[in-house]
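Visitor: Here's a sequence, model it:
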Amino acid sequence: MTHPAAGTSQGAEDKDKARLLFEELAEQSKVDPVSREAQRALRERPSFSIRLRVILSFALCFILSGSVITWWQWTLADIQRKLHFLESVGSYSSEIEQARRYEKNFLLYGTNLADARSHVQRARTIIEEDPDKVKIAVGRRTYGMMLLHVEQYRSLLDRLGDTPTEKREKLEGELRSHGQTMLSTAQALVARERQLMDAKLRMIQRVPSVFLGILLLLVAYIAHFLNKQLLTPIKRILYHTDRIARGDLTPIRPARRYRDEFTSLAIAMNHMMYEMNRRQDLLLHSHKLRAVGTLTAGIAHEINNPLNNITISGAMLKEEYASLSDPERLARVDEIIGQAERAERIVRNLLDFARESEAKTERLELPRLLDETIRLAGNQLSIARVRVTSEVPANLPAIHGDRQQLHQVFLNLLLNAADAMPKGGKLIIRGSASEDPGFAVIRVIDEGMGIPAHLLDSIFDPFFTTKTKGKGTGLGLSVSLGIVRQHGGNIKVESEVGRGTTVTVFLPVSNIPAPISSGAAEPA
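Guide: From the prediction side, this is the model:
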């Protein structure tokens, strides 16, 4: 059984889908004012679809062609009517000439008067068969004069037969006058109709050339129109897909006055970028939790040391309290407080790294940032018997970025390097300026097992890992690359099996703070 809604047109379904998408995006964008504003600007423009514009363009071509064809057919029909009319006028003129010939025979020889009357009657019949055509051609007044002359000429012929020869002189003059008038009128009418028909034929000959010229201009305009309405937006979409591939997830904003099918595509792409951002945040959070778990194993050992000292100092203070002097008691208390503060600092560093917060762009000194990361992972690296050497010059140019996210990037690289050296080894962190102006370079160099050449192209893929089962999720490098690209940089990896791996991080040097992913995107 067919559902009642099955007959709904595709256009109505598209509008419903677009409306639902708008509502969903508006709800999701509550936490993202930039996305919300971009979506609102896209959907609030007046709608003028490309489909309608294309239909109107081809309708204009059809109307123009139809008008020319209609005019052509009407002109040909008019020429055909004029040809028939010329035939009728020719027959009328011929009948008048025959009547006048028989009139002369009668005047000279007294014969053929009946024939003259017959031809005059035929001439009258010809112009009376279709009086409207004759009236259109010569006008009502001339048509009336033609009928009057024919009637008077016929009447004079009737009187001529009853008039004696010696009294025919006056009638002969009137007959010649009316006959000449009828012939000249017919000849003038034929000449006029031929001139009009020749003019129409010349116009018909010129119209194809004019029509082809207009059609060529119209086709050129439609080609330009389609290029502007279709190819230009497609180029914009290609630009947006390219910047999205580079990690720039800035929402698309409107560039034209009207909303069309490309607007729906832009809205869908904004929705896609919103979801990509959201999922990227989930990946960041997931990987950060894993990193916290990894760090916790090492930090637990480091916390145990101050806790043991606190326990021992507290127990000794309790046992020897009575025999200790006040300065000795204060020394024991200070030692307990110092060890507690040491444990507090360790926990605070871990919490600062694990705490969720909005991306905050600030000026960062890379030497300090890397030292903080090394301290954060120090105990874990120590347990893994990894010796860290920092070769980051103090005058390395500052960058702008999110401290926590960049901590996560470098922490991930340090832990990966430690995992690649299960028996311990040397880890070098080296900083320098890039050969490309405007970038700072940080290299993390380990002496680990290395990565096979055929796997290097896959290491940044989500969930791809070379570690044994249970040792990793395969998200570390993928998440790190996403963070670095959001900061306008890139990550490259060079590795040789058995000789180690070098991970190079490029970060743009900036003297002016700018929000992450706030690069101005081209509108659509």
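Visitor: residue ranges with poor pLDDT in the stretch 1-150 of the chain?
Guide: Residues of the stretch 1-150 of the chain meeting the criterion pLDDT under 70: 1-36, 38-39, 41-45, 47-48, 50.
Visitor: and if we set it to 80?
Guide: Along the stretch 1-150 of the chain, the model assigns pLDDT under 80 to residues 1-54, 57, 81-82, 84-86, 88-89, 107-110, 127, 130-139, 142-143.
Visitor: What segments of it are helices?
Guide: In order along the chain, the stretch 1-150 of the chain carries the following helices (DSSP state H, counting those that start in this stretch): 10-28, 33-43, 50-109, 113-129, 131-138, 140-162.
Visitor: Over to the stretch 351-500 of the chain?
Guide: Assignment of helices within the stretch 351-500 of the chain using DSSP H, counting those that start in this stretch yields the ranges 366-383, 403-419, 476-486.
Visitor: between those helices, which gets nearest to E261?
Guide: Shortest distance between E261 and these, using C-beta to C-beta, is found for helix 476-486: 30.3 Å. For every residue, glycine as well, the C-beta is placed using N, CA and C.
Visitor: Mean neighbour count added to the helices of the stretch 351-500 of the chain, as CSV?
Guide: Rendered in CSV, the data for the helices of the stretch 351-500 of the chain read as follows (neighbours: other C-beta atoms under 10 Å):
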stretch, mean neighbour count
helix 366-383, 19
helix 403-419, 23
helix 476-486, 22
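Visitor: can you tell which of these is closest to L231?
Guide: L231 lies closest, by C-beta to C-beta, to one member of those: helix 476-486, at 29.2 Å.
Visitor: tell me the mean pLDDT for the closest one?
Guide: Averaging pLDDT along helix 476-486 yields 79.
Visitor: Could you do stretch 402-413 as well?
Guide: Stretch 402-413 comes out at a mean pLDDT of 85.
Visitor: How far off centre is that stretch?
Guide: Stretch 402-413 sits 37 Å away from the centroid of its parent chain (C-alpha atoms, centre = their mean, to the nearest Å).
Visitor: Rebuild the helices of the stretch 351-500 of the chain as a markdown table, extending it with distance to R499.
Guide: Listed next are those as a markdown table, based on distance: least, C-beta to C-beta, whole Å:
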| stretch | distance to R499 |
| --- | --- |
| helix 366-383 | 20 |
| helix 403-419 | 14 |
| helix 476-486 | 20 |
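Visitor: Just tell me which of those helices ends up closest to L60.
Guide: Closest to L60 of the helices of the stretch 351-500 of the chain, according to C-beta to C-beta: helix 476-486, at 47.6 Å.
Visitor: now the angle from the closest one to helix 403-419?
Guide: Helix 476-486 and helix 403-419 are oriented at 150 degrees to each other (axes from the mean of the first three to the mean of the last three C-alpha atoms, to 10 degrees).
Visitor: closest one to Y109 among the helices of the stretch 351-500 of the chain?
Guide: Go through the helices of the stretch 351-500 of the chain one by one with C-beta to C-beta and the one that ends up closest to Y109 is helix 476-486, at 118.7 Å.
Visitor: Please identify which of the helices of the stretch 1-150 of the chain is closest to N490.
Guide: Of all the helices of the stretch 1-150 of the chain, helix 33-43 comes closest under C-beta to C-beta, at 24.4 Å.
Visitor: Just the CA atoms of stretch 399-406, as PDB, please.
Guide: The C-alpha coordinates for stretch 399-406 follow below in PDB (Å, rounded to 0.1, in the frame of the first residue of the first chain):
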ATOM      1  CA  ILE A 399      55.000  31.100  18.100                       C
ATOM      2  CA  HIS A 400      51.400  31.600  18.800                       C
ATOM      3  CA  GLY A 401      49.200  28.600  19.700                       C
ATOM      4  CA  ASP A 402      47.300  26.700  22.300                       C
ATOM      5  CA  ARG A 403      49.600  25.500  25.100                       C
ATOM      6  CA  GLN A 404      47.700  22.400  26.100                       C
ATOM      7  CA  GLN A 405      47.300  21.200  22.500                       C
ATOM      8  CA  LEU A 406      51.000  21.600  21.700                       C
END
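Visitor: Throw the helices of the stretch 1-150 of the chain into JSON lines and include mean neighbour count, thanks.
Guide: Supplementary listing: the helices of the stretch 1-150 of the chain in JSON lines, determined by neighbours: other C-beta under 10 Å:
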{"stretch": "helix 10-28", "mean neighbour count": "13"}
{"stretch": "helix 33-43", "mean neighbour count": "18"}
{"stretch": "helix 50-109", "mean neighbour count": "15"}
{"stretch": "helix 113-129", "mean neighbour count": "18"}
{"stretch": "helix 131-138", "mean neighbour count": "16"}
{"stretch": "helix 140-162", "mean neighbour count": "16"}
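Visitor: Dump those helices to TSV, plus distance to E335.
Guide: Conversion of the helices of the stretch 1-150 of the chain to TSV gives the following (distance: least, C-beta to C-beta, whole Å):
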stretch	distance to E335
helix 10-28	54
helix 33-43	52
helix 50-109	78
helix 113-129	136
helix 131-138	126
helix 140-162	132
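Visitor: Show me the one of the helices of the stretch 351-500 of the chain that comes nearest G431.
Guide: Shortest separation from G431 across the helices of the stretch 351-500 of the chain is recorded for helix 366-383, at 5.9 Å, computed as C-beta to C-beta.
Visitor: what's the closest one packed up against?
Guide: helix 261-319, helix 326-354, strand 386-391, helix 403-419, strand 425-433, strand 439-445 (3 or more C-beta pairs under 8 Å, 6 or more residues apart in numbering; DSSP states H and E).
Visitor: which of the ones you listed sits most buried?
Guide: The highest mean neighbour count among those belongs to helix 403-419 (a mean of 23), with neighbours defined as mean count of other C-beta atoms under 10 Å.
Visitor: now the angle between helix 366-383 and that helix, please.
Guide: Relative orientation of helix 403-419 with respect to helix 366-383: 40 degrees, computed using the same axes, to 10 degrees.
Visitor: host element of R176?
Guide: For R176, the element it lies in under DSSP states H and E is helix 169-226.
Visitor: what mean pLDDT would you report for the helix or strand following that helix?
Guide: Scanning forward in sequence from helix 169-226 by DSSP H and E, the next helix or strand is helix 232-245. Per-residue pLDDT values over helix 232-245 give a mean of 79.
Visitor: Please identify the buried residues of helix 232-245?
Guide: 233, 236-237, 240, 243-244 (16 or more other C-beta atoms under 10 Å).
Visitor: in terms of contact, does V441 touch P397 like I think?
Guide: No. With contact taken as C-beta atoms under 8 Å, V441 and P397 are classed as non-touching, separated by 10.5 Å.
Visitor: Now the common contact residues for these two.
Guide: Between them, V441 and P397 share these contacting residues under C-beta atoms under 8 Å, 6 or more residues apart in numbering: A433.
Visitor: Now do R257 against L230, distance only.
Guide: Look at R257 and L230: by C-beta to C-beta, to the nearest Å, they are 17 Å apart.
Visitor: So for the two, which sits in the more crowded spot?
Guide: L230 (16 against 8; other C-beta atoms under 10 Å).
Visitor: Could you report the distance from that one to A220?
Guide: According to C-beta to C-beta, L230 and A220 sit 16 Å apart.
Visitor: With Y274 instead?
Guide: Taking C-beta to C-beta as the criterion, Y274 is separated from A220 by 41 Å.
Visitor: Which of the helices of the stretch 351-500 of the chain sits closest to T163?
Guide: With C-beta to C-beta as the criterion, T163 lies closest to helix 476-486 of the helices of the stretch 351-500 of the chain, at 120.1 Å.
Visitor: How is the chain divided into domains?
Guide: According to automatic domain parsing, the chain comprises the domains 53-221, 272-291+362-508.
Visitor: so which of these gets nearest A322?
Guide: Among the domains of the chain, domain 272-291+362-508 sits nearest to A322 (C-beta to C-beta), with 38.3 Å.
Visitor: Can you measure across the closest one, start residue to end residue?
Guide: With C-alpha to C-alpha, to the nearest Å as the measure, domain 272-291+362-508 spans 27 Å from end to end.
Visitor: For the residue lying closest to P131 once chain neighbours are set aside, list the residues it contacts.
Guide: With sequence-adjacent residues excluded and distances taken as C-beta to C-beta, 6 or more residues apart in numbering, P131 is closest to Y143, at 6.7 Å. Taking C-beta under 8 Å, 6+ apart as the criterion, Y143 is in contact with 127, 131, 134-135.
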